[in-house]
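[1] Provided below for reference: sequence and predicted model.
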Amino acid sequence: MSHRIIVCDQSKCTGCGLCELACSAKKGMIFNPLLSRIRVARIEPFIDVAVACRFCEGASCVASCPRRALKQDSATGIIRLDEDKCTGCSWCIEACEFGAMTVPFGKKTVASCDLCDGKPLCVEICPKKALELLTPNAISNRARKSAVERLY
C-alpha cells in the first residue's frame, strides 16, 4: 500500500495547537481543538508532538469495529467511517496504538484524519513547519540518512 501520513518533527513542534484549530475549523466549522482530528501530545514539559492517523496496513481500529463502520481505502490507506453504522462504542479508540481515533466533543461517532483530500490544512498552517506529509519510504530514507550522519 502506497500512502502518505502526517509526520511531526518533535524538535520543531512548539505545541502551539494551530494544527488542532485548523483541523477543527475545516472539519467542524468552528475553532475548537476538541473537534480536531490531529492532537498535540504533551509528553514532558518540553516535548510536544502532533499525532494524526498513521493509516496502518491492516489497521487494528478497522478490525476491532463490531459494526464494521470503518473501512480502509486500499489505495490511500485512509480510514473511512460509515456514520450510520457507528454506535460510538470506542473499541477502535482502544485498538489504535497511536491514539489517533477520537470521539469529538459533543459527537456520538468516532473521527480520524482523512488528510483533507490530500491537502491537510494542519500541514499548511504549521508556523514552524513541524508537520509534513510523507510516504513511508520517505520516512525510512530520512531515518537511514540520520543514522548514517550520526555514525560520521
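    Alright, I've got the coordinates. Just so it is clear, the structure is predicted and the values come from calculations on it, not from any experiment.
[2] pull the longest helix from the protein.
    Ranked by residue count under DSSP state H, the longest helix found in the chain is helix 136-151.
[3] tell me the phi and psi of the nearest residue to residue 64 once chain neighbours are set aside?
    Spatial nearest neighbour of residue 64, chain neighbours left out: residue 95 (3.8 Å); criterion: Cβ to Cβ, 6 or more residues apart in numbering. Just so you know, the C-beta spots here come from the backbone N, C-alpha and C atoms, and that holds for glycine as well. Backbone torsions for residue 95, taken as degrees, to the nearest 10, come to phi -80, psi -30.
[4] measure residue 95 to residue 118 for me?
    The span separating residue 95 from residue 118 equals 26 Å under the rule Cβ to Cβ, to the nearest Å.
[5] who's more crowded, those two?
    residue 95 (16 against 10; other Cβ atoms under 10 Å).
[6] now do residue 67: how many residues are near it, please.
    Count around residue 67 with other Cβ under 10 Å applied: 12.
[7] heads up, I number from 534, so please use that
    That works, and once the first residue is 534, the last one we named lands at residue 600.
[8] hmm, residue 616 and it touching each other?
    No - using Cβ atoms under 8 Å, residue 600 is not in contact with residue 616; the gap is 10.9 Å.
[9] any idea how this structure splits into domains?
    534-585+646-685, 588-644 (automatic domain parsing).
[10] got JSON lines for these, with mean pLDDT too?
    Shown next, in JSON lines, are the domains of the chain (pLDDT from 0 to 100):
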{"stretch": "domain 534-585+646-685", "mean pLDDT": "93"}
{"stretch": "domain 588-644", "mean pLDDT": "94"}
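[11] residue 598 against residue 625, yeah?
    Yes - the pair residue 598 / residue 625 is scored as a contact, 5.4 Å apart, by Cβ under 8 Å.
[12] joint contacts of those two?
    Common contacts of residue 598 and residue 625 (Cβ atoms under 8 Å, 6 or more residues apart in numbering): none found.
[13] can you give me the strands for this structure?
    Taking DSSP state E, the strands of the chain run over residues 538-541, 572-577, 580-584, 603-605, 612-614, 664-667.
[14] distance check, the spatially most central residue of the chain against residue 562.
    By Cα atoms, centre = their mean, the mean C-alpha position of the chain lies nearest to residue 585, the distance being 1.3 Å. According to Cβ to Cβ, residue 585 and residue 562 sit 19 Å apart.
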